[in-house]
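Visitor: Need a 3D model of the sequence below.
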Amino acid sequence: MTDSSAQLTYKKIFYFWLPLAATWIMMSVEGPFLAALIARSSEPKFNLAAYGVAYSLALIIEAPIIMMMSASIALVKDSQSFYKLRNFTYAANSLITLVMLIVITPPVFYFITEDLIGLPVEVSALTHIATIILLPWPAAIGYRRFYQGILINNNLTRRVAYGTVIRLLSMSICALILFLTDFVEGVVVGAASLSFAVIMEAVAIRFMVGETVKKIKSEESPSGQVLTYREINKFYYPLALTSFIGLGVQPLVTFFVGQSRMAIESLAVLPVVTSFVFVFRALGLSYQEVIIALIGEKKEKFKPLLNFAIVLAAILVAVLALFAFTPLSDFWFITASGLSEPLAEFAHLPLMILFFFPALTVLISIQRGVLVAAKNTKPITIGTITEFIAIVLALVIFINHLNFVGAVAATIAFVAGRIASNIYLMHSTVRSLKN
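Guide: The predicted structure is shown next:
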């Protein structure tokens, strides 16, 4: 377990956070890398759009399990709590796989993609193939996030990063082989590479956590401290709902963008823009687990964690702004991502709108980390509902009433929603720090 008695220096924070940041950075590279390959395949506009929709559908199905890492850090302390949360994880994985199976059945799938979202037949068919390939993806993520939490809580963050290296290498090898053989559609390259990579990472993480798990299994629960499924449900339900609502925004945005002006162009560039911004957001997202693990039982180590976060946010915003407001954006979109000049031009304004988003991500990671550490997870859900409502309202206003281009409306909505959530969570965060 992490040492709660030692003084927390910025150097300690940095070295604890660095492997987690590297993990998120490596994961964030997946999106731009795969989008660049898809952009260089045949029918790039249709394939990029299909990949974005399939990824969004898989994300919302994965949503209930994605916070398992935070739960594992907070709850697994001994043999009894390990088995309880492990069983809970396996049950959740089984449930989300069942949901995925239902979604990929043709009547359900084409109702969602063609009748609800309004995708063209060509894009819908490609999306269906990709979603079928992504079937094992959500459960594999739930499995490895449970064990990653155990590694983090035992100060083995480097092993988490090693697992991600294996994931990235597996994804790259699979993607390049499929791309260079030119045997399958670009969307298949993306989906197959993602599924293969997360399975390989899950296997690697389970191998690396083996000794730690043996140690935990040998630790008896202190008298009277027994974790029950009821307590797990009470703790985890708000987190699962938070992820479900938060990631559910992606399909919702896809639905609105599909009805907007210049819909296909917007669906094509949004995955490229958001995956690039995610590279910067990832460094902020990685900070949530740092807060949970290092803040201390009485939140006594919050101040150095906050100061570190402020510097981190400032650096991220400055670097992203350099790309968003200079010719470096063309280098990224055209040279690196392989977009045509018209699509690259189309992507400029959405990137400018999102330049400050990494700072908002750092802030919400601090807020959620404090609340999870305090085992006060309900405000996180309400904050996410606030964000969801703000995004919907912004989409309705900018697409249905002001007739904005879909990609522009979507990025404005993302920023407005996150600001609304940050504002709501501020009171609960401050109160949790004082208690």
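
Visitor: Would you mind confirming that S421 makes contact with E387?
Guide: Yes - shown here, S421 and E387 form a contact pair, counting by C-beta atoms under 8 Å, at 3.7 Å. Heads up, the C-betas are built off the backbone N, CA and C, glycines and all.

Visitor: Confirm that F278 sits in a helix.
Guide: Yes - according to DSSP: H, G, I helix; E, B strand; the rest coil, F278 belongs to a helix.

Visitor: Contacts only, for T386.
Guide: By C-beta atoms under 8 Å, 6 or more residues apart in numbering, the contact list for T386 reads 417, 420-421, 424.

Visitor: what's the first-to-last distance across stretch 31-46?
Guide: Length of stretch 31-46, first residue to last, C-alpha to C-alpha, to the nearest Å: 17 Å.

Visitor: Ok, stretch 397-406 next?
Guide: Span of stretch 397-406 from end to end, C-alpha to C-alpha: 12 Å.

Visitor: mind listing the strands for this protein?
Guide: With strands called from DSSP state E, the chain shows none.

Visitor: which stretches of it have low pLDDT?
Guide: Within the chain, the stretches with pLDDT under 70 are 1-6, 221-224.

Visitor: Could you give the number of residues near L227?
Guide: Applying other C-beta atoms under 10 Å, we find 20 residues neighbouring L227.

Visitor: Could you do A58 as well?
Guide: Other residues within reach of A58, judged by other C-beta under 10 Å, total 25.

Visitor: Now it: closest residue in space that isn't a chain neighbour?
Guide: What sits nearest to A58 in space, not counting adjacent residues and going by C-beta to C-beta, 6 or more residues apart in numbering, is L134, at 4.4 Å.

Visitor: doesn't S56 make contact with the one you found?
Guide: No - with contact defined as C-beta under 8 Å, L134 does not count as touching S56 (10.9 Å).

Visitor: Report the backbone C-alpha coordinates of stretch 127-145 in CSV.
Guide: What follows is stretch 127-145 as a C-alpha-only set of coordinates in CSV (Å, rounded to 0.1, in the frame of the first residue of the first chain):
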residue,chain,number,x,y,z
THR,A,127,-20.0,0.4,-38.3
HIS,A,128,-21.7,-2.9,-37.7
ILE,A,129,-18.6,-4.9,-38.8
ALA,A,130,-16.4,-2.8,-36.5
THR,A,131,-18.8,-3.2,-33.5
ILE,A,132,-18.9,-7.0,-33.8
ILE,A,133,-15.1,-7.0,-33.8
LEU,A,134,-15.1,-4.9,-30.6
LEU,A,135,-17.2,-7.4,-28.7
PRO,A,136,-14.4,-8.5,-26.3
TRP,A,137,-13.2,-5.0,-25.7
PRO,A,138,-15.3,-3.8,-22.8
ALA,A,139,-14.9,-6.9,-20.6
ALA,A,140,-11.1,-7.0,-21.2
ILE,A,141,-10.9,-3.4,-20.1
GLY,A,142,-12.9,-4.1,-16.9
TYR,A,143,-10.7,-7.1,-16.1
ARG,A,144,-7.4,-5.2,-16.4
ARG,A,145,-8.6,-2.1,-14.7
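
Visitor: Which positions within that stretch qualify as buried?
Guide: Of the residues in stretch 127-145, 127-145 count as buried by neighbour count, 16 or more other C-beta atoms under 10 Å.

Visitor: What about these, which are in helices?
Guide: Residues of these located in helices (DSSP state H): 127-133, 137-145.

Visitor: which one of these is nearest F14?
Guide: R145 (23.3 Å; C-beta to C-beta).

Visitor: residues contacting that closest one?
Guide: 65-66, 68-69, 72.

Visitor: now, which of those residues sits nearest A35?
Guide: I66 (21.3 Å).

Visitor: Do I have it right that that closest one meets S243?
Guide: Yes - using C-beta under 8 Å, I66 is in contact with S243, at 4.7 Å.

Visitor: which one is K84 nearest to, not counting chain neighbours?
Guide: Using C-beta to C-beta, 6+ apart, the nearest residue to K84 is L227, at 4.9 Å.
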